[in-house]
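**Q** I would like to see how this sequence folds:
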Amino acid sequence: MSAPRILVVEDNPKNLKLVRDVLEHFGYEVIEATTGEDGVRLAVEATPDLVLMDLQLPGIDGTEALRRIRAGADNQDVPVVAVTAFAMNDDRDRAFESGFNGYVEKPISVRSLPQQVSDYLRLGRAP
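**A** Numbering: from 1, shown residues only. Predicted structure coming up:
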């Protein structure tokens, strides 16, 4: 069985490295994009099991990238999780209203991230 493939869309190099290093340590395959446009392209080409999407990106933002990913026939059921420094309840509500399946706050918790990813991957496997 192959490792779950996680698409990380993040424009901050330090955050991207942190998430990649943590997920690879726990056995996940990580593919990376630094813009919303590249995230949409990789979501179509690489068929990830989960997408971790920064909300503030150069070019199209994370919400628009989510909309475009969901518009594709092959990615409608892939869990897409918002990753953001916006940590107010209204921000969380807006992310869910936009169609994100989950919400991870920055700064990223190295201890919590592997379990959060595991939990969100189960969403994609639900009948």
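
**Q** Show me what whichever strand or helix holds Val19 is packed up against.
**A** Assessed by DSSP states H and E, Val19 sits inside helix 13-25. With contacts defined as 3 or more C-beta pairs under 8 Å, 6 or more residues apart in numbering; DSSP states H and E, the packing partners of helix 13-25 are strand 5-9, strand 29-33, helix 113-125. From N, CA and C alone the C-beta is placed, and that goes for glycine too.

**Q** Could you tell me how far that helix lies from the centre of the chain?
**A** 13 Å (C-alpha atoms, centre = their mean, to the nearest Å).

**Q** Take that helix, keep the C-alpha atoms, and write them as PDB.
**A** Extracted C-alpha coordinates of helix 13-25, given in PDB (Å, rounded to 0.1, in the frame of the first residue of the first chain):
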ATOM      1  CA  PRO A  13       9.100  28.700   2.500                       C
ATOM      2  CA  LYS A  14       9.500  28.100   6.200                       C
ATOM      3  CA  ASN A  15       6.000  26.900   6.700                       C
ATOM      4  CA  LEU A  16       6.200  24.800   3.600                       C
ATOM      5  CA  LYS A  17       9.400  23.100   4.900                       C
ATOM      6  CA  LEU A  18       8.000  22.600   8.300                       C
ATOM      7  CA  VAL A  19       4.800  20.900   7.100                       C
ATOM      8  CA  ARG A  20       6.700  18.800   4.500                       C
ATOM      9  CA  ASP A  21       9.300  17.700   7.000                       C
ATOM     10  CA  VAL A  22       6.700  16.700   9.600                       C
ATOM     11  CA  LEU A  23       4.500  14.800   7.100                       C
ATOM     12  CA  GLU A  24       7.400  13.000   5.500                       C
ATOM     13  CA  HIS A  25       8.700  12.000   8.900                       C
END
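
**Q** For it, buried residues please.
**A** Neighbour counts over helix 13-25 (16 or more other C-beta atoms under 10 Å) mark 15-16, 18-20, 22-23 as buried.

**Q** Show me the contact partners of it.
**A** The contact list for helix 13-25, computed with C-beta atoms under 8 Å, 6 or more residues apart in numbering, reads 6, 8, 10, 30, 32, 34, 52, 54, 83, 106, 108, 110, 113-114, 117.

**Q** Run the angle between it and helix 113-125 for me.
**A** Counting by axes from the mean of the first three to the mean of the last three C-alpha atoms, to 10 degrees, helix 13-25 lies at 70 degrees to helix 113-125.
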